[in-house]
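**Q** Below is the sequence, then the predicted model.
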Amino acid sequence: MEFIKEIDKVINQNADLLNLLRFNADIDRAEISRRLQVSMPTVYKAIDDACKAGVINKGGEGISLCSDFSYLVGISIGSGLCKISFLDFGFNLLSPDEFRSYKIDLGNEIKKCLCNQELILECLEDDARNYIYFKTPENFAELKKIIDCILTYIMEKNCSGKLKVCSVGISCTGIINNETQTIVKSHNLEYLDNTTLDTLIFPDKKKYFDENGIYICLLQNSDASIIAEKIYLYLVNSPYKKKKNIISLYLGVGIGAGIYLDGLYSGTSGYAGEVGHIKAPDFEKEFNFANQCELIDKSCTCGNKDCYDYKIRSYVFGMPKDIFAQLSSNKIKDFLSDECNLKRTELLGKYMGNMINTLTNILNIDLIIFTGKFYKTMDSLYNSIVSVQDQNQLKFSRNDCTLLTSVYGSLAPSVGAALYAYHKKYNIVSIVEEYPNLDLIGNARADSVIYDLAPAPTGRKTR
């Protein structure tokens, strides 16, 4: 498809300009020249070329990105749910109105492939949602069929010119080797063990996407979440956007950590971030919850009986893995805010406080973002987290580390997968690099709640 080649050409030639426009609405030419450190004639020529290609708009002195120039697609495969997000060229999620026709058309195609249609039917009836969600299939064959359905839809829309998709990212639960594009181990979806990206996609689709320049790649859900959160800080000009060492703590059926240490960090074989499977302290004994675990599950999926994931599911929520996986963010919030569960909420906060102490002590993290199903729980957990933080003798971890609630929540992996694929396709040096020459100044958006762990009169700051 020729228009994909044109899209690629324009993006490759104007990568710095496009990134600048994403983070600065209606910036003028003089400021573009200053930020990119190029001459005014160079700026004028770049803008004229980009306008002719349809990638930017000129209005008076202001320049803005054409959000519908191209689209990014993200697919997340979770232990309980799968989700699909569409991002415009400005890296923003499509609004419910913009996404509605795509959701109905694609959702109905996916429905035909699903054995369990309950959630997809609920999704299709919910006009307020700007993403597609459905129950994760219980076997590999069904999942592969659904992914083929999604790729077929993208292919047909691209052929008709109705949806110009330049890249597709697929994020997944488990341990993923980014270099080999292999799901090395998936504790919660064992049928995905040792699955490669090529195995997940039918050969005819792989050939079509390769030949037509629509890039597809695979990454882990927690890695995807940190990418989404890091780039979002730039999109809203957050005062935290230049933080170098960041972790996103993602709650799904367990806890995973997306790690950004001046760049995305996944470890040698993709095992970094498996914080939910390390040994947790015996805080449950303080609450007389001991000896309850084996009444729920015999062990965690990793084989341990004392890891964070196992203790949180058993002692805090009192649920086996398969039931806990189906809990929504709202149900978790309701559970933790219920007066009958105050002790369990306090226990979860203490587990999380200890986990944060460990991460900050080892990695000297300066920003932690709670995402996934965590993002509606911080009001309930904050005091317990701080009580454990106070016990940390390395005081820098309290003074220098900020806790931030996610805006994306459980949608972060699908958003991050879309962004990751875009950056990989166009060989942008670092997936979430500190964008060069973009000295952006601004404030965090009002819908982000920021919990500052530095000592303060109220113990919490909200902005």
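**A** On my side now, so go ahead.

**Q** Give me the nearest residue to Leu21, chain neighbours excluded.
**A** The spatial neighbour of Leu21 that comes closest, neighbours along the chain excluded (C-beta to C-beta, 6 or more residues apart in numbering), is Leu65 at 4.5 Å. No exception for glycine: its C-beta is placed from N, CA and C like everyone else's.

**Q** hang on, that neighbour packs against Lys58?
**A** No: counting by C-beta atoms under 8 Å, Leu65 sits too far from Lys58 to count as a contact (11.5 Å).

**Q** Just want to know which of those two has more residues nearby.
**A** A count of neighbours by other C-beta atoms under 10 Å puts Leu65 above the other of Leu65 and Lys58, at 23 against 13.

**Q** Enumerate every residue touching the more buried one.
**A** Leu65 sits next to Leu18, Leu21, Arg22, Val55, Ile56, Asn57, Phe89, Gly90 when contact means C-beta atoms under 8 Å, 6 or more residues apart in numbering.

**Q** sorry, back to before: quickly list what's touching both of Leu65 and Lys58.
**A** With C-beta under 8 Å, 6+ apart as the test, Leu65 and Lys58 reach no residue in common.

**Q** Among the contacts of Leu65, which ones are in helices?
**A** Leu18, Leu21, Arg22 (DSSP state H).

**Q** can you list the weak-confidence ranges in the stretch 201-350 of the chain?
**A** Residue ranges of the stretch 201-350 of the chain with pLDDT under 70: 289-295.

**Q** How are the strands of it distributed by residue range?
**A** Assigned by DSSP state E, counting those that start in this stretch, the strands in the stretch 201-350 of the chain fall at 215-220, 245-251, 255-261, 264-265.

**Q** list the helices and strands the first one packs on?
**A** For strand 215-220, the packing partners by 3 or more C-beta pairs under 8 Å, 6 or more residues apart in numbering; DSSP states H and E come out as strand 165-172, strand 175-177, helix 197-200, helix 203-211, helix 412-425.

**Q** Out of the contacts of Leu65, which end up buried?
**A** Buried subset of these (neighbour count, 16 or more other C-beta atoms under 10 Å): Leu18, Leu21, Arg22, Val55, Ile56, Phe89, Gly90.

**Q** Ser380 contacts Thr345, doesn't it?
**A** Yes: in this structure, Ser380 is within contact of Thr345 by C-beta under 8 Å, at 5.1 Å.

**Q** Report the set of residues contacting both of the two.
**A** Joint contacts of Ser380 and Thr345 (C-beta under 8 Å, 6+ apart) are Leu336, Ser337.

**Q** What is the most widely separated pair among the contacts of Leu65?
**A** Arg22 and Asn57 (13.5 Å; C-beta to C-beta).

**Q** What's the separation between Asn383 and Thr371?
**A** 20 Å (C-beta to C-beta, to the nearest Å).
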